[in-house]
Each structure stands twice: as structure tokens, then as C-alpha cells.
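Undergrad: the sequence and its predicted three-dimensional model are supplied below.
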Amino acid sequence: MITRELREALRQHDLWCSSHGGRQLVAEDLDFSGLDLSGANLVGAELPGADFSDAILRNADLANGNFASARFLATDMSGATMSKANLDHAVFDGARLDGVNFRRASLIEASFVRAILDRADLGSADLESANLTDASLVECRLAGTIFIRTRLTGARLRGSLDAGTARTTSLVVDRLLEGDVARHWLLAAGAPPLAPATMLKPG
């Protein structure tokens, strides 16, 4: 249940966002775990280290916010907006992220193990050193997405990394992507064949 104090903080932040006074929501390591925050306005919030585990954030707006090192374990964020947010080192393991807008978000070293990102927009997002092991990225938008040292072992990429998408998408990659999926993806994108010794081993 949302406490009276937190409800008031969210109300004040909503006023701040609309330039009607209020106060920006600024706090470290705040606990939102298990709360229903569907449709919440967290635009520009400064919440590094916040815990949103098992919370519901469907259609919530977290654009331009600072959620570095936040925890979104098993969080339902379907349809949420996180464009241009700082999500470095955030943990989304097991989260539902269907249709989430991550456009131009910073996701450096973020973890998405077994997360569902089907139809998410990752255009121009920075996924350097992120962990997408066993994640589902079916029919994602990947125009300009940065995949450097990104772990994709076991990731499901149907409709996102086919040859047609690779030809029309500006993907930033290097030689440290993992697994056979990454190898086929690079070849489809027109990169030179990579010797097995240059690929990281899964696991």
C-alpha cells in the first residue's frame, strides 16, 4: 500500500512536472517494491538505487529520470516510457517490459536476464556491457542501438535481428558480442566473418 507520505511526494512531483509549483522527487534507495504505480508520472525524478521489485508500473512515465542502480526485479512495466533515462547498472531481471520506450536511454551494464522486452523501442539506447541473457527481444526497434560487449546468450531476437532489419538499422557493434545469434546478426549486417576465437564463450 502506498503510504500517505509517498502519495504526497508523488503529487508534489506531478505539480513540479507541470510547472505548478510542487517539488521534484529526489531520494536515494527509496522503496517502491510491490506497489501499484500504474500510470505514475516520474518524469525527471531523481531516484538512484530505488527498489521497484514486484511493483506494477504499467504505462508509467519515467522519461529523463535518474534511476541508476535501481532494481526492477520482476516488475511489470508494460507500455511504460523510459526514454532518455539514466538506467546505468539497473537490474530488470525477470521484468515484463513489453512495448517499453527505452529510446536514447543509458543502459550501461544494466541486467535484463530473462526479461521480456517484446516490441520495446530501444532506438539509440546504449546497452554497452549490458546482460540480456535469455531475454526475449521479439520485434524490437533497434535503430541506432549500441551493443558493445553486450551479452546476448540465449536471447530470443525473432523479428528484431533478421537480415532486413540489419540492413536498415544503424547498429553499433564490436567483436565481443556473445553466441551464435550475435555471429549471424553481424554477418547479416554485412560485417566481416569473425573467427570463433574472437567471440566470448557463453556463460
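TA: Yes, it's here. Numbering: from 1, shown residues only.

Undergrad: so where's the chain uncertain?
TA: Counting by pLDDT under 70, the chain contains low-confidence ranges at 1, 161-203.

Undergrad: which residue ranges form the strands in it?
TA: Counting by DSSP state E, the chain has strands at residues 146-147, 172-173.

Undergrad: what about the nearest residue in space to residue 26 that is not next to it in sequence, how many neighbours?
TA: Spatially, and ignoring its direct neighbours in sequence, residue 26 is nearest to residue 46 (4.2 Å; Cβ to Cβ, 6 or more residues apart in numbering). The C-beta positions use only the backbone N, C-alpha and C, and glycine is treated the same way. Residue 46 has 16 neighbours, counted by other Cβ atoms under 10 Å.

Undergrad: state the distance from residue 46 to residue 129.
TA: 24 Å (Cβ to Cβ, to the nearest Å).

Undergrad: same deal with residue 22?
TA: To residue 129, residue 22 is 36 Å away according to Cβ to Cβ.

Undergrad: next one: residue 81
TA: Applying Cβ to Cβ to residue 81 and residue 129 gives a distance of 24 Å.

Undergrad: cool, residue 135 as well?
TA: According to Cβ to Cβ, residue 135 and residue 129 sit 15 Å apart.

Undergrad: now swap in residue 55 and tell me
TA: Separation of residue 55 from residue 129 (Cβ to Cβ): 26 Å.

Undergrad: so between these two, which is more surrounded?
TA: Set side by side, residue 55 and residue 129 show more neighbours around residue 55, with 25 against 17, by other Cβ under 10 Å.

Undergrad: just checking, the more buried one touches residue 35?
TA: Yes: at 4.9 Å, residue 55 counts as touching residue 35 under the criterion of Cβ atoms under 8 Å.

Undergrad: can you show me the helices along the protein?
TA: Assigned by DSSP state H, the helices in the chain fall at 4-17, 163-168, 179-188.

Undergrad: dump the longest one to PDB, keeping only the CA atoms.
TA: Pointing back at helix 4-17 there. The C-alpha coordinates for helix 4-17 follow below in PDB (Å, rounded to 0.1, in the frame of the first residue of the first chain):
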ATOM      1  CA  ARG A   4       0.500   8.900   2.800                       C
ATOM      2  CA  GLU A   5       3.900  10.500   2.600                       C
ATOM      3  CA  LEU A   6       4.800   8.800  -0.700                       C
ATOM      4  CA  ARG A   7       1.400   9.700  -2.200                       C
ATOM      5  CA  GLU A   8       2.000  13.300  -1.300                       C
ATOM      6  CA  ALA A   9       5.600  13.200  -2.700                       C
ATOM      7  CA  LEU A  10       4.200  11.800  -6.000                       C
ATOM      8  CA  ARG A  11       1.500  14.600  -6.000                       C
ATOM      9  CA  GLN A  12       4.200  17.200  -5.400                       C
ATOM     10  CA  HIS A  13       6.300  15.800  -8.200                       C
ATOM     11  CA  ASP A  14       3.400  15.800 -10.600                       C
ATOM     12  CA  LEU A  15       2.900  19.500  -9.800                       C
ATOM     13  CA  TRP A  16       6.600  20.200 -10.400                       C
ATOM     14  CA  CYS A  17       6.400  18.500 -13.800                       C
END
